[in-house]
Each structure stands twice: as C-alpha cells, then as structure tokens.
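**Student:** Just to be clear, the model below is a prediction. Sequence and coordinates:
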Amino acid sequence: MNSISQAISQSGFHTVDFVILVCYLILLVSLGLFLSRNKDGKEKSANDYFLAGNTLTWWAVGASLIAANISAEQFIGMSGTGFRDGIAIAAYEVMAAITLVVIGKFLLPIMLDRKIFTIPQFLRERYNDGVGLAFSILWLFLYVFVNLTSVAWLGALAIEQILGLQGIVVEVLGFQISIRMIIILLLFLIAGIYSIYGGLASVAWTDVMQVTFLVGGGLVTAYVALSSMGEVLGTDALGALGRVYTDMTSGVHANDVHFHLIIQESHNAEAYSNVPGIAAVVGGVWLTNLGYWGFNQYIIQKGLAAKSIDEAQKGLVFAGFLKILIPFIVVLPGICAYYIMGNPDTFRSMNLAGQINVADDAYPWLIRNFTPTGIKGLSFAALAAAIISSLASMFNSTSTLFTMDIYKKYINKEAKDKQLVNVGRLTSVCALIIALIAVKPLLGGLDQAFQYIQEYSGFIYPGIITVFGLGLLWKRASSRAAVWTAILTIPLGVLFKVFFPEIPFQFRAGNIFIILVIFFIYMSYYDKNYVKAEEVSNKDKMQMYWWARVLGIAGLFFLFLAGAQWLIDTSNAVDRPDENLADYLGDIGFQAFIFFGVLVGVNAVGLRSNARDGIKDPKALPIKLELFRTTKGYTYGAIGIAVITMVLYTLLW
C-alpha cells in the first residue's frame, strides 16, 4: 500500500481530483440504483429489464448509443492510433455517422416493426432456430472474450498509467495480484452494481449523465492537450489548433500520413494497412460499421427500446452528430502528443513523468503530465464514464442474449418474467467472472488494441452483413444459404489471414463479403423450398424498379471505375504515385470501389427480385415500403451529417 500511495503522490493528482472522481462515481451508482427500483412495488417484467419498457426518448437513445460505443477503446486505442498513424483513424467515427443514417432509414424500422428483443431472435423468425442459436453463441463469445475484456483491459491500462501504478503488485490473502487486475475488478463491480440489478433502464438513463461527462470532460482534455502542444511550439491552444489545421491543409506535410484522412500506401505502408486510404470510406469499413451499429446487440438494443420508430430514428441522427464530434475528443489528443514528442529539446526540458512506450500510452501520458489540478479529476471522470457505460451495456446485452435466446427458447420455455430477470442477472455475474479470468491471457502485450478489436471483429462481420442484410431486404433469402454462409464466414477469414497476410484487413473483409454474398444469392436462387409471394401493388413495384435501376447503374459505375484503374495500373510500368494519376489511385486503395460496387449492386438485385419474382422464402418478411418513409426532421438531419462529412474530406483529404 505504501508503494501505491507513493506512486499516486508522484502522479500529479491532488485531493480535489479524487474528490471529483469519487463524487462522480457516487452520483452514478446512486442514480443507477434509484432507477433500478421497482416502481409502485411491481416486479420488473422481461420487457422492463431488457428493453426499458420501450420508454426511451430520442435524446436517451442517442446518448446511450454513444455512451455504449465510446470507451477506453476510443479514448486509449483510437488516440494511440492517432499518435502513431494520424487522423485517418477518424474515418471510423465520421463514416459511423453516415452508417447511423442508413440504419435509421432502412434497418431499424423493420426491427421495431417486428417487436424483437434480440438480433438472433430476428434470425430465428426469418430463417430457422439453428441460425439464431449459432449467432447467439457467436455473440456471447464475442462480448465476453473480445468486448468486455478489451474495454476493461484498456481502461485499467489507462488508469494505471495516469496514476503511475505500472508494475505494482499487491499481496491479497497470500496471492500476488497485479494492480491492473484489481482495477479491472473494480471497473466490473462499479458497472455491475446498477446495471445487473436495474437492467436497460438503469443503463440507458445513467448514460445520459455519462455522455455529459464523457463529451464535456473529453473536450476539456482536448483543449488542455492543445494548450500543452502550444507551450512546446511557443503559442497558445488556438495557435496550436491553427498549426494542426495548416499542416493538414497546406501540403507541406504531403508525405506525413498524420495529416491526411486518406493515407497513401507509399507514404506509410504500416499505417495504410490499418486505415487503407479510400477503403476507409468505400471499403470494408462499411462491414464493420453496419455490423457494429446495425446488428450488434449491445448497441442496437438502445434503438429497440425506443418509444416509437420516430423517436428511435431521431436518436440515431442525434448519435450521428455526436460521432462527428468524437474525433476532436479522442484523435486530436493523440496528434498533440505526436507534436510534443516531435520536439525533443523542449520535451526533455519539461521533466515529464513516464513516457510513451507503446502507442496506447499517449492519452494517459497527456492526462498525467499536462492537465492541471481539478481538470485531471474531470478528465479522469470522463474516461471512467466511457469505460463504465460500455461495460454496463455489455453486461445487459449479454444477459439479454443468453436469457431470451437460449434459456427461454431451449431450457425453460414456460419461464415467467421474474425467472427471466433473475437468470439475466445471474448471466451478467457469470460474464463478469469469465471476462475477469480471460482478460490477461487474451490482451497482454498489445500495442494498438483498437486495431485488434477492429481486425478480429472483421472476421465475423462479412457473414453477419450478408445474412442479416439480405434477410431483412430480400424476400428470396433462404435458410439454407444463411446456415452455410454462417459456417463459411470464419474459415474464409482464417484462410485469407494465413495465405494473404499482406492484405489490409479492410480489403480482406471486403473480399470475403463479395465471395459470401455471391454464394448466398446463388444458393437462394436454387433453393427449392419456396412459396408463392404476395402480390405487390403497382405503386410499390414501380418504386422498387426505379430504385433498382438507380442502384444498379451506380453499382456498375463503381465497378467500372475500379476495373479501369486496375487495368491501367497493371499495364503501366510507371510507379510514381505522387505524379501519375493511375498510380496515385492505386496508392490510395481505389480498388475498394469493387467492394462498394458489389454492396450497392446487391441492393439493386434484391429490389428487382422483390418487384419481379412471384415466389419467396417461406419465412420472408412482408414488403412494407411505408416503413422506410421518414420525417422532414430526419431528412434534414441526415443531409446535415452528409454535408459535414463531405466538407471534412474535402478539406483534409
């Protein structure tokens, strides 16, 4: 304990910082427990516990989406990647905003119309029990062994670094336990105290408070990072921000990938492998984003708990605007650390504590060395809000998946609401224990954990998008095609990883998607298990034909662009990407338009089939084009997000 006290005393934290942090945690747990209470003495129903009784307003939906999403994975992992590779990593956040608009328009309305609890439940209803069970098990493993472990590990790493506790070991009952594992246990316990007992209502409504701390504290930390960078450069925070903008737009740093949203492979092959140029806009990033935001239980569950489709859609637009703000909170500090470390003379004279040994050290190193008293506590509270809110959402969704998709379906079909709630709570406790045991063996020694999460999530997203997307939007999508696509997804990912390790994982995911979607459509067209389809009205038929033509032409155009560039590039011996257009397009990953062309073209195929074919899969969803109609407010919000995205890429290409 003496070594812990000594380390904290040298960390720059003062009593007021810990008072701010402790007050925040007390407020959080108290609010969570207050929201956990049984109102009017009534026991919680399964709908109350797992979907908050469908009471969430648009601002609660949007805030909870961001609170569940933004965690140590972003604060530590994305900031670390920003420090090492530059601003291109912000593409994940910016393109996520566009993805939320697409999901709000086309996917979420269908899910809400079906009144589903879980994503695998939709798979059971659309395909068969086997597909639903397979994906339930797959997600349970992903949540426990990837999501819970990575968020807790990164959070503990950050806290350990900020407080200067690295390497400290504590003896408990004769056992030597690292301080990092103790921090992980405390994070799990704080998140579990209110989320396990109170369910989604406690998680979602406390997330509103957590997002306030997360965004407010994150922006303050970003300002402090700019001020610290300004001190090194001999200017103030505004001058530092001006310097960043100048370096990003002037062309002086043309070969430094830190200052470009689109990375060229010839400038930094390692950074390109993480964020491969234009593929981060039109490539496999769409698989990651659609899979994460549209079909990931602990994310989309917030939308499923909304009061109405309109409230859910407004919540997704609100979340989209917040996502565009996130790079200023999590990527900008990493860039500031890059500037500070790039001025070694001034840097050495500052007598700073600790150092950046691996990229993920950048954010905690900034907080420890540069944030003033009081602000340290606020920054720490923002980081804690990000970690705890994500863990709480994961606990709740893990319990929802097991309870509703496995326990109620296969173990106790007659279970009452009280039993389901109790099983959900027990499941969360078990997930907590398993993740605590597995965290160190899985994540010890990683440099950039954000890329670990993105890459290994990418092993399953091509199959998820194919099975879910076609199941939602195409009436001939068959159960047999879904089963075999699910079976092939991970083996194909492993084969590409083993035999083509040089291919960036976004391209790998895109190639696997193309293979799977062709396979899925082929199997569905030749599946003999079909029934007569309902007659589609002439008005709806004409709409589907019109959009099928538009999307078909767009898909062919994208394929033509990518094919033409590839033919020119392979027939041209010139290799000067900064001087030759064909070489430049290849250098920024223009071939990703092949994936985008297929993605757009698949929708054209589905629409034409829905309008033309007189048969359907026996479990196909009814065609309801009215579900895709949105309010003017949603349309204006979507246009606003699109315009901001275009401006950012135009300025910072």
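**Tutor:** Great, that's in hand.
**Student:** Where do the helices of the stretch 251-400 of the chain begin and end?
**Tutor:** For the stretch 251-400 of the chain, applying DSSP state H, counting those that start in this stretch gives helices covering 269-274, 279-282, 285-289, 295, 297-304, 309-330, 332-341, 344-349, 362-370, 375-400.
**Student:** Averaging pLDDT per element, find the lowest-scoring helix or strand in this protein.
**Tutor:** helix 449-457 (a mean of 62; mean pLDDT, DSSP states H and E).
**Student:** which element follows that one toward the C-terminus?
**Tutor:** Tracing the chain C-terminally past helix 449-457 and defining elements by DSSP states H and E, one meets helix 461-473 next.
**Student:** Which strands or helices does the following helix or strand past that following helix pack on?
**Tutor:** The helix or strand immediately downstream of helix 461-473 is helix 479-499, counting by DSSP H and E. Here helix 479-499 touches helix 129-142, helix 461-473, helix 505-525, going by 3 or more Cβ pairs under 8 Å, 6 or more residues apart in numbering; DSSP states H and E. (Each C-beta comes from the backbone N, C-alpha and C, glycine too.)
**Student:** May I see the buried residues of helix 479-499?
**Tutor:** Buried residues in helix 479-499, counted by 16 or more other Cβ atoms under 10 Å: 479-483, 485-486, 488-489, 492-493, 496-497.
**Student:** so can I have CSV of those residues showing pLDDT?
**Tutor:** CSV is the format used below for the buried residues of helix 479-499 (pLDDT from 0 to 100):
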residue, pLDDT
Ser479, 91
Arg480, 91
Ala481, 93
Ala482, 92
Val483, 89
Thr485, 91
Ala486, 85
Leu488, 90
Thr489, 87
Leu492, 90
Gly493, 86
Phe496, 86
Lys497, 83
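**Student:** wait, isn't Gly463 in contact with Phe519?
**Tutor:** No - at 10.4 Å, Gly463 does not count as touching Phe519 under the criterion of Cβ atoms under 8 Å.
**Student:** quick one, phi psi at Asp236?
**Tutor:** phi -110, psi -170 (degrees, to the nearest 10).
**Student:** per-residue pLDDT, it?
**Tutor:** We have a pLDDT of 87 for Asp236.
**Student:** what does Thr246 give?
**Tutor:** You'll see Thr246 listed with a pLDDT of 87.
**Student:** Okay, it and Leu28: tell me how far apart.
**Tutor:** According to Cβ to Cβ, to the nearest Å, Thr246 stands 40 Å off from Leu28.
**Student:** So the two - more neighbours on which side?
**Tutor:** For Thr246 versus Leu28, the count of surrounding residues by other Cβ atoms under 10 Å is larger for Leu28: 24 against 12.
**Student:** Tell me the pLDDT of that one.
**Tutor:** Leu28 is assigned 86 on the pLDDT scale.
**Student:** check contacts around it.
**Tutor:** Ile190, Tyr194, Thr206, Met209, Gln210, Ala385, Ile388 (Cβ atoms under 8 Å, 6 or more residues apart in numbering).
**Student:** So which of those residues are in helices?
**Tutor:** In helices, defined here by DSSP state H, the members of these are Ile190, Tyr194, Thr206, Met209, Gln210, Ala385, Ile388.
**Student:** I'd say the last one and Ala191 touch.
**Tutor:** Pointing back at Ile388 there. Yes - contact status for Ile388 versus Ala191: in contact at 4.7 Å, counting by Cβ under 8 Å.
**Student:** picking up where we left off before, give me the common contacts of Gly463 and Phe519.
**Tutor:** Thr485, Leu488.
**Student:** From Leu107, how far out is Pro504?
**Tutor:** 27 Å.
**Student:** swap that for Phe558, please
**Tutor:** Relative to Leu107, Phe558 is positioned 22 Å away (Cβ to Cβ).
**Student:** now do the same end-to-end measure for stretch 357-366.
**Tutor:** 13 Å (Cα to Cα, to the nearest Å).
**Student:** tell me the contacts of Pro327?
**Tutor:** With Cβ under 8 Å, 6+ apart, Pro327 has these contacts: Ile87, Ala90, Glu93, Val94.
**Student:** so can I have JSON lines of the helices and strands packed on helix 479-499 showing distance to Ile159?
**Tutor:** Formatted as JSON lines, the helices and strands packed on helix 479-499 follow (distance: least, Cβ to Cβ, whole Å):
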{"stretch": "helix 129-142", "distance to Ile159": "25"}
{"stretch": "helix 461-473", "distance to Ile159": "30"}
{"stretch": "helix 505-525", "distance to Ile159": "29"}
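**Student:** Deepest-packed of the ones you listed, please.
**Tutor:** helix 461-473 (a mean of 25; mean count of other Cβ atoms under 10 Å).
**Student:** Out of the helices of the stretch 251-400 of the chain, which one sits most buried?
**Tutor:** helix 375-400 (a mean of 27).
**Student:** same for the very next helix or strand once past that one, what does it pack against?
**Tutor:** Using DSSP H and E, the helix or strand that follows helix 375-400 in sequence is helix 417-443. The contact analysis (3+ Cβ pairs under 8 Å, 6+ apart) places helix 417-443 against helix 46-51, helix 149-162, helix 179-198, helix 375-400.
**Student:** Great, nothing more from me.
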